[in-house]
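Enquirer: Task: produce atomic coordinates for the following.
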Amino acid sequence: MTQSTDPWALGHHRMVRMNPRSDVKGPPEAATQVPPSQTLSRGIRALEILAAAERPLSIAELTEALGVHRSVAYRILRTLEDHSLLVRDDSGRVQPGPGLSVLARGVSRNLQTAALPELTQLANTLHMTAFVAVWDHQECVNLVTVEPRHSGAALAQHPGNRHPIATGAPGIAIQSTMTEERWQQVGAGNPYRAEAHEARRLGYATSHDEVIAGLSSIAAPIRVPGGRPAAIAVVYIRLDQDADAVGKALAASAARIESQLA
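Expert: Numbers count the residues shown, from 1 in each chain. Okay, the predicted model is just below:
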């Protein structure tokens, strides 16, 4: 009998992880001096590549995208598979696994729970894709999205989609929760949009042709207690849309979400 040499075909062995000692503490400055883990970074990058791919990827494709030796890629992928963060189909191609959805449910859990009913109502009333975007370093990241029912031409805004924080209505809405001076302190060098002043006055922000050519967006800020501000937004194509009516609907939804978070 010929023994398989494919690491993915070998026996399944889960790693046993020891709990770190809680009584061992280093100096406060030690955390900033410790270099990042290259292996962990590569594993996270593999998940990002798979999440962004439009189809399952072969091991060779993922290895090339990671820029590592095939043996390194096998070790990374096998560990991710052990934790159900990726799965293989019958042809051996890999795609995101169910473990990711479990992790995702814990991200801004309270915000997701409070926002989902509002997103559903907005999407079905306005016949637009509605979503919540959160501020992540230099970018806005879609946290949760609802597409309208009975709409054959809804624009997709998948959870995890990103765009620069200083581009588009969600970023402007987030900036509107802060003064320009405060943004300069926390905005990581991103410019403060002049439109943020108007968004603060109106309660919502608008943008057109910024994140994706030909698309418009309207967003209202959500102030999250103890956390960074977020935005509830819609995206659409129609040019005859009553932006003020949509903006007021978004602002009202944002206020209800904030009351749930308080």
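
Enquirer: Wasn't residue 247 part of a helix?
Expert: Yes - read with DSSP: H, G, I helix; E, B strand; the rest coil, residue 247 is one of the residues of a helix.

Enquirer: Just read off the phi/psi values of the closest residue in space to residue 163 that isn't next to it in sequence.
Expert: Using Cβ to Cβ, 6 or more residues apart in numbering and skipping the chain neighbours, the partner closest in space to residue 163 is residue 211 (4.6 Å). For every residue, glycine as well, the C-beta is placed using N, CA and C. Main-chain torsions, residue 211, degrees, to the nearest 10: phi -80, psi -50.

Enquirer: ok, now residue 260?
Expert: Main-chain dihedrals, residue 260, degrees, to the nearest 10: phi -70, psi -30.

Enquirer: quick one: it and residue 131, what's the gap?
Expert: Using Cβ to Cβ, to the nearest Å, we find residue 260 at a distance of 17 Å from residue 131.

Enquirer: Comparing the two, which shows the higher neighbour count?
Expert: residue 131 (27 against 13; other Cβ atoms under 10 Å).

Enquirer: hey, what's the more buried one bridged with?
Expert: Taking DSSP bridges as the rule, residue 131 bridges to residue 145, residue 233.

Enquirer: Might one say that it is in contact with residue 141?
Expert: No - judged on Cβ atoms under 8 Å, residue 131 makes no contact with residue 141 at a distance of 10.3 Å.

Enquirer: what sits in contact with each of the two?
Expert: Here residue 131 and residue 141 have no joint contacts, going by Cβ atoms under 8 Å, 6 or more residues apart in numbering.

Enquirer: lowest-pLDDT helix or strand in this protein?
Expert: Lowest on mean pLDDT, DSSP states H and E among the helices and strands of the chain sits helix 30-33, with a mean of 54.

Enquirer: Give the buried residues for the helix or strand that it is followed by.
Expert: Heading C-terminal from helix 30-33, the first helix or strand you meet, by DSSP states H and E, is helix 38-52. Neighbour-count burial for helix 38-52 flags 42, 43, 45, 46, 47, 50 (criterion: 16 or more other Cβ atoms under 10 Å).

Enquirer: Could you name the helices and strands sitting against helix 38-52?
Expert: helix 59-66, helix 70-82, strand 86-88, strand 94-96 (3 or more Cβ pairs under 8 Å, 6 or more residues apart in numbering; DSSP states H and E).

Enquirer: Of the ones you listed, which is nearest residue 178?
Expert: For residue 178, the closest of those is strand 94-96, at 34.3 Å, according to Cβ to Cβ.

Enquirer: pLDDT of that closest one, averaged?
Expert: The average pLDDT within strand 94-96 is 88.

Enquirer: what sits up against that strand?
Expert: 47, 50-51, 53, 55-59, 62, 77, 81, 85-89.

Enquirer: tell me the angle of the helix or strand just after that strand relative to helix 70-82?
Expert: Per DSSP H and E, strand 94-96 leads on to helix 98-105 as the next helix or strand towards the C-terminus. Relative orientation of helix 98-105 and helix 70-82, computed by axes from the mean of the first three to the mean of the last three Cα atoms, to 10 degrees: 70 degrees.

Enquirer: can you pull the buried residues of the helix or strand just after helix 98-105?
Expert: Downstream of helix 98-105, the first helix or strand assigned by DSSP H and E is helix 109-126. By neighbour count on 16+ other Cβ under 10 Å, the buried set for helix 109-126 is 111, 112, 114, 115, 118, 119, 122, 123, 124, 126.

Enquirer: per-residue confidence at the second one?
Expert: Looking back up the chat, that one is residue 112. 88.

Enquirer: what's the neighbour count on the residue nearest to residue 136 when sequence neighbours are not counted?
Expert: In this structure, residue 136 finds its nearest non-sequential neighbour in residue 162, 7.6 Å apart by Cβ to Cβ, 6+ apart. When counting by other Cβ under 10 Å, one arrives at 14 neighbours for residue 162.
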